[in-house]
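A.B. asks: Here's a sequence, model it:
(one chain, ligands or ions: 1)
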Amino acid sequence: MKSVYFDHAATTPVDPRVLEPMLPFFCERYGNPSELHRLGREARTAVEQARAQVAAGLGAGEKEIVFTAGGTEADNLALSGYLQRFEPGHFIISAIEHPAVMEAARALNRLGWAVDFIPVDGDGVIDVDAYEQAFRDDTRLASVMYANNVVGTIQPVAELARIAHEKGAAFHTDAVQAVGSVPIDVGALGVDMLSLSGHKLYGPKGIGALYVKRGTRLTPLIHGGGHERRLRSGTENVPGIVGLGVAVELAQAEMAETRPRLEALRDYLARGVLENVPEVRYLGHATERLPGNVSFTVRYIEGESMLLQLDVHGFMVSSGSACASGSLEPSHVILALGLGAEEAHGSLRLSLGRENTKAEADAFIEVFPPIVDKLRQMSPLYVKG
Ligand code: PLP
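C.D. replies: Numbers count the residues shown, from 1 in each chain. Below is the predicted model of the structure:
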């Protein structure tokens with residue numbers, strides 16, 4: 001049985017074209033970029049080349065890129081690193097943030113910061129009026145994700161950043177799901193900080209970056225030898241950084257081809273599910289969504305049961321609660337769309353990537369309806385009409 005991977009929002013395979021330039025930096029070119037000898041200088045050159053690649057992918061300056069150990073650290077550096085410079089006041093996030101932002105916000109709240117969680121509409125788009133009204137005199141920061149990891153909805157980030165600035169606050173966006181999938185230009189967006197992660201764009205795990213606009217001051221979270229312009233100490237993950245640079249460059253170069261192809265495949269798969277399974281609700285915005293995200297709920301059955309049955313048939317997908325590993329709580333994102341707990345439990349996310357094909361979508365559309373049928377027959381919630 002061939003397996004089909006529809007879980008690219010969780011992680012992506014490392015592209016061989018990304019892996020290849022990383023490899024010398026493990027065993028041959030293993031220098032510490034802080035050292036002045038040849039191996040050290042070679043490593044430094046590679047790190048700075050990768051910084052230029054990441055910067056170019058975002059329309060940023062090279063000095064505006066801080067490498068981190070992934071998206072979670074970038075988000076924590078943005079929120080805690082920015083706010084720590086002030087006396088505790090107020091900040092704003094959306095109700096559908098990834099735990100990397102949500103839990104960083106809760107930790108700041110325990111330190112005395114007030115935080116507002118701005119609701120979203122049924123499509124997952126932030127309530128811009130409520131957002132605007134939430135600002136106070138002591139609001140220092142607003143953080144709203146670029147694209148949601150569960151339902152794929154893309155937020156009006158440029159407008160949100162503009163409003164934050166009008167109110168005298170800085171603006172951060174978690175663009176971990178967006179970078180590499182949709183074009184990002186930090187200048188056009190007007191954001192002060194933006195997070196990204198290597199393993200969501202065919203790069204390695206454990207590497208990411210925070211874009212920090214020139215003039216935006218942060219307090220480091222990790223103290224030490226003063227690496228990354230004193231913002232993130234620790235000997236650089238040179239192979240990871242090299243991989244991230246190449247991954248961003250490749251994603252950028254191929255986006256004009258990949259994006260429309262994935263959008264078409266996404267819409268084909270969504271249609272196939274909606275037309276062949278009764279009582280399915282498509283989640284997220286119809287058009288303002290990630291190219292590869294197909295997210296829906298199936299009434300009367302659990303996302304996890306569908307996931308496991310699909311796994312038996314070779315399809316790897318995710319349920320709505322996936323990011324909170326091991327948790328069977330309904331996703332806070334899906335609840336925030338206004339769905340009840342029972343319906344939220346039946347959520348499934350298919351996230352497509354470069355290597356997926358129409359034949360795989362067809363295979364899914366064939367396999368999935370009988371799985372739903374079988375599970376519904378066993379469900380105490382289901383009464384066949
Ligand atoms: N933010 C979003 C929106 C994500 O989807 C993820 C990963 O699932 C993260 C942050 C965390 O990134 P990382 O896994 O690199 O720590």
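
A.B. asks: Please enumerate the helices of the stretch 201-350 of the chain.
C.D. replies: In the stretch 201-350 of the chain, the helices defined using DSSP state H, counting those that start in this stretch lie at 238-276, 303-312, 332-336, 341-345.

A.B. asks: Looking at the ones you listed, which is nearest to I92?
C.D. replies: Among the helices of the stretch 201-350 of the chain, helix 332-336 comes nearest to I92, with 15.0 Å by CB to CB. Where you see a C-beta, it was placed from the backbone N, CA and C, and this is true even at glycine.

A.B. asks: what about the closest one, near the ligand?
C.D. replies: No: remark: helix 332-336 sits outside contact range of the ligand, by CB under 6 Å from any ligand atom, the gap being at least 10.2 Å.

A.B. asks: residues making contact with that helix?
C.D. replies: The contact list for helix 332-336 (CB atoms under 8 Å, 6 or more residues apart in numbering) reads 95-96, 102, 119-120, 124, 148-151, 283, 297, 320, 341, 344, 347.

A.B. asks: Mind listing the residues bridging to I93?
C.D. replies: Here I93 sits in beta bridges with F117, S143, going by DSSP bridges.

A.B. asks: measure it to the ligand for me?
C.D. replies: Separation of I93 from the ligand (CB to the nearest ligand atom, to the nearest Å): 12 Å.

A.B. asks: Contacts only, for the residue of the chain found nearest the ligand.
C.D. replies: Among the residues of the chain, G71 lies closest to the ligand, at 2.5 Å counting by CB to the nearest ligand atom. Applying CB under 8 Å, 6+ apart to G71 gives the contacts H98, A100, D174, V176, S195, L196, S197, K200, G208.

A.B. asks: give me the element G353 is part of.
C.D. replies: Under DSSP states H and E, no helix or strand contains G353.

A.B. asks: That one is in contact with T12, isn't it?
C.D. replies: Yes: between G353 and T12 there is a contact under CB atoms under 8 Å: 5.7 Å.

A.B. asks: Give the residues shared as contacts by those two.
C.D. replies: Shared contacts of G353 and T12 (CB under 8 Å, 6+ apart): Y202.

A.B. asks: Looking at those two now, which is surrounded by more residues?
C.D. replies: Regarding G353 and T12, a neighbour count based on other CB atoms under 10 Å identifies T12 as having more, with 25 against 22.

A.B. asks: For that one, list the residues it contacts.
C.D. replies: H199, K200, L201, Y202, G203, G353 are the contacts of T12 under CB under 8 Å, 6+ apart.

A.B. asks: Just the buried ones from those, in ChimeraX syntax?
C.D. replies: Buried residues within these, by 16 or more other CB atoms under 10 Å, are selected in ChimeraX with:
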select :199,200,201,202,203,353
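
A.B. asks: If we check the ligand, which of the contacts of T12 are in contact?
C.D. replies: Among these, proximity to the ligand is found for H199 (CB under 6 Å from any ligand atom).

A.B. asks: Farthest-apart pair in the contacts of T12, please.
C.D. replies: Taking CB to CB, no two of the contacts of T12 sit farther apart than G203 and G353, at 12.8 Å.

A.B. asks: Make TSV from the contacts of T12 and add distance to L79 and pLDDT to it.
C.D. replies: Output for those, formatted as TSV (distance: CB to CB, whole Å; pLDDT from 0 to 100):
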residue	distance to L79	pLDDT
H199	21	98
K200	19	98
L201	22	98
Y202	27	98
G203	23	98
G353	29	98
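
A.B. asks: Near the ligand, which residues of the stretch 51-200 of the chain are found?
C.D. replies: Counting by CB under 6 Å from any ligand atom, the stretch 51-200 of the chain sits next to the ligand at 70-72, 75, 98, 100, 145, 149, 174, 176-177, 197, 199.
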